[in-house]
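[1] Build me a structure from this.
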Amino acid sequence: MSDSSPAETNGSRIGLWGRRLAVAGVAVGVVGTTVVMMGAMQAAAPKPEKKESVVEAMPVLTVLARAERVNLKVHSQGEVVARSKVNLASEVGGRIGYISPSFLPGGAFKKGDVLIKLDPREYELRVTQAEAAVAQARTSLSREQSEAEIARINANELGIDGVSDLALRKPQVDEAEARLAAAEASLDEARLNLSRTVIRAPFSGRVKDKAVDLGAFIVPGGTLAQIYSSDVVEVPLSLTDADISKLALGIGFEETKSQKGPMVTLSAIVGGEHHEWSGRITRTDSAFDSKTRVLFSYVEVEDPYGKGADSGVPLAVGLYVDAEIEGLAIENSIVIPRTALRGTDKVFVVNEDESMEIRQVNIASSTREKVVITGGLKAGEIVITSPVKGAADGMKVKPVESAARNAGATVASLTTDNSDKSEN
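    Numbers count the residues shown, from 1 in each chain. As a prediction, the model looks like this:
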């Protein structure tokens, strides 16, 4: 161990701190010099020019609003139903002795055609019995009338006054007349029942289902078949309040000779092909449906299996069809593409200074392709059809359609110049 004095220890400590302060001073000097140099360089560097921000107009697709005479149309759907559909039944009982060849599911028949005949022998016997009863009643009446006449003559010859009706046989004559009337009524009933053994078609139509066959015994009121008329078919169509206004139809409308209903085009896919049939609305319900809040109208198509068929394809009962109804005609209405409509009643219009205006319009009709406007837009105004992000009144836009036309003209001129040069 070496002994060191306190003075030497303090000296060494002072030297160490001195060296540390010297190093720190050098570092501070270097940093300061660097900061000064960087400040001088930034001050000497050229300042960038300030550029004003320019808002570019948004390119948009546009069309010109045009004025047209438009026939409004209403679209609906419905199922074809027969105007008359009944369960054919017999009014008398008996065994079936004849069935028409057309009395089959799908079979066609005309009004008055014989469909079924029952065995008539029992009813023929009843007619014979009723005829005999009538003859007997007539004989009895003649006898009573003769006796009454004899009684009257005798009373006159004897000069008897105040002879009673009984003595003159008036009650007996009245009774004989009543028996004759009853016998004649029984004869009429027997003949009527005999005629009912021949069952005829109540209208022209077709058989849907049959329930009996040859030799079957039927009872009065028993169902023989389900049949429906084919001379006229109907298509019930549901109409909203807006639809009714387009058609100018009233609640409880009924077609007359002077006021015909709107024409209707019915269409459906049958056998993989598109077919159309023409009909007419002949009446509407007198009240709205309480569940759906719609008014039903009825389209009639005459002779759907004959003249009313489309290329031989009938408007068959049970077919589900689309309906296009002819509505009111609007003069000078404004027509624009459906893509130009924003929401339910707004369009974007390009003003002369190429600023956009959000405008509310009155819509008369709207389809997938076009919109018919009756107010809020004029013919010749430019309407935007493309989407606009962040749309606002006064937004600057650039109609692309105009630019495209100008570009087309430039290309055309260039093509002409090139062709001229090639010819030279």
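
[2] surely residue 130 meets residue 187?
    Yes: at 3.8 Å, residue 130 counts as touching residue 187 under the criterion of CB atoms under 8 Å. No exception for glycine: its C-beta is placed from N, CA and C like everyone else's.

[3] got the residue ranges for the helices in the chain?
    Along the chain, the stretches classed as helices by DSSP state H are 6-44, 121-158, 170-195, 241-247, 400-423.

[4] These: lowest mean pLDDT?
    Ranked by mean pLDDT, the helices of the chain bottom out at helix 400-423, which scores a mean of 39.

[5] Same question for stretch 76-95: list its buried residues.
    Across stretch 76-95, burial judged by 16 or more other CB atoms under 10 Å covers 76, 78, 80, 82-84, 88, 90, 92, 94.

[6] What is the distance between that stretch and the centre of its chain?
    25 Å (CA atoms, centre = their mean, to the nearest Å).

[7] Ok, stretch 184-204 next?
    With CA atoms, centre = their mean, you get 45 Å for stretch 184-204.

[8] Can you show me the CA trace of it as CSV?
    What follows is stretch 184-204 as a C-alpha-only set of coordinates in CSV (Å, rounded to 0.1, in the frame of the first residue of the first chain):
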residue,chain,number,x,y,z
GLU,A,184,-152.4,-31.9,-64.8
ALA,A,185,-149.7,-30.6,-62.4
SER,A,186,-148.7,-34.1,-61.7
LEU,A,187,-148.5,-34.7,-65.4
ASP,A,188,-146.3,-31.6,-65.9
GLU,A,189,-144.0,-32.8,-63.1
ALA,A,190,-143.7,-36.2,-64.6
ARG,A,191,-142.9,-34.8,-68.0
LEU,A,192,-140.3,-32.4,-66.4
ASN,A,193,-138.6,-35.2,-64.5
LEU,A,194,-138.5,-37.2,-67.8
SER,A,195,-136.8,-34.3,-69.5
ARG,A,196,-134.3,-34.1,-66.7
THR,A,197,-133.0,-37.6,-67.5
VAL,A,198,-131.2,-35.9,-70.4
ILE,A,199,-128.5,-33.6,-68.9
ARG,A,200,-127.4,-30.9,-71.2
ALA,A,201,-124.6,-28.4,-71.0
PRO,A,202,-125.7,-25.1,-69.5
PHE,A,203,-123.1,-23.1,-71.4
SER,A,204,-120.2,-23.6,-73.8
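
[9] Pull out the buried positions in that stretch.
    Residues 184, 186-187, 190-191, 193-194, 196-197, 199-201, 203-204 are the ones in stretch 184-204 that count as buried (16+ other CB under 10 Å).

[10] Including distance to residue 249, could the residues you listed go into CSV?
    CSV is the format used below for those (distance: CB to CB, whole Å):
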residue, distance to residue 249
184, 54
186, 55
187, 54
190, 53
191, 50
193, 48
194, 50
196, 44
197, 48
199, 41
200, 39
201, 35
203, 29
204, 30
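
[11] Go through those and say which is closest to residue 283.
    Distances from residue 283 to these, taken as CB to CB, are shortest for residue 203 (19.6 Å).

[12] Now do the closest one against residue 90, distance only.
    Using CB to CB, to the nearest Å, residue 203 is found at 17 Å from residue 90.

[13] Look up which residues are beta-bridged to the spatially most central residue of the chain.
    Centroid-nearest residue in the chain: residue 76, 1.6 Å away (criterion: CA atoms, centre = their mean). When assigned by DSSP bridges, residue 76 has beta-bridge partners residue 323.

[14] Pull the number of nearby residues for residue 152.
    Here the number of neighbours of residue 152 (other CB atoms under 10 Å) works out to 15.

[15] now residue 325
    Per other CB under 10 Å, the neighbour tally for residue 325 reads 26.

[16] ok, now residue 398?
    Residues lying near residue 398 (other CB under 10 Å) number 14.

[17] Double-check residue 304 against residue 312; I have them as touching.
    No: assessed by CB under 8 Å, residue 304 is found out of contact with residue 312, at 11.9 Å.

[18] The two - which one has more neighbours?
    residue 304 (26 against 7).

[19] need the contact list for that one.
    Listed by CB atoms under 8 Å, 6 or more residues apart in numbering, the contact set of residue 304 reads 80, 230, 232-233, 277, 314-316.

[20] Pull up the distance across stretch 86-102, start to finish.
    In terms of CA to CA, to the nearest Å, the two terminal residues of stretch 86-102 are separated by 17 Å.

[21] Contacts for it, please.
    By CB under 8 Å, 6+ apart, stretch 86-102 touches 107-109, 113-120, 122-123, 193, 196-197, 199, 202, 207, 212-228.

[22] same question, stretch 71-82
    Residues outside stretch 71-82 that contact it (CB under 8 Å, 6+ apart): 205, 228-230, 233-239, 243, 246-247, 299, 304, 315-330, 364-365, 367, 372.

[23] Separate out the buried members of these.
    For the contacts of stretch 71-82, buried by 16+ other CB under 10 Å: 205, 228-230, 233-235, 237-239, 243, 246-247, 299, 304, 315, 317, 319, 321, 323, 325-327, 330, 364-365, 372.

[24] In strands, which of the residues you listed fall?
    Of the positions in the buried ones among the contacts of stretch 71-82, 205, 228-229, 233-235, 237-239, 299, 321, 323, 325-327, 330, 364-365, 372 sit in strands, assigned by DSSP state E.

[25] which one of the contacts of residue 304 is nearest residue 386?
    Closest to residue 386, out of all of the contacts of residue 304 and judged by CB to CB, is residue 277, at 40.2 Å.

[26] Return the set of residues that bridge with the closest one.
    Beta bridges link residue 277 to residue 266 when assigned by DSSP bridges.

[27] Give me the neighbour count for it.
    Using other CB under 10 Å, residue 277 has 23 neighbouring residues.

[28] That one touches residue 266, doesn't it?
    Yes: here residue 277 reaches residue 266: they are 4.6 Å apart, a contact under CB under 8 Å.

[29] Find residues that contact each of these two.
    By the contact definition CB under 8 Å, 6+ apart, residue 277 and residue 266 are jointly contacted by 301, 315, 321.

[30] contacting residues for the second one?
    When contacts are counted by CB under 8 Å, 6+ apart, residue 315 touches 80, 233, 266, 277, 301, 304, 308-309, 321.
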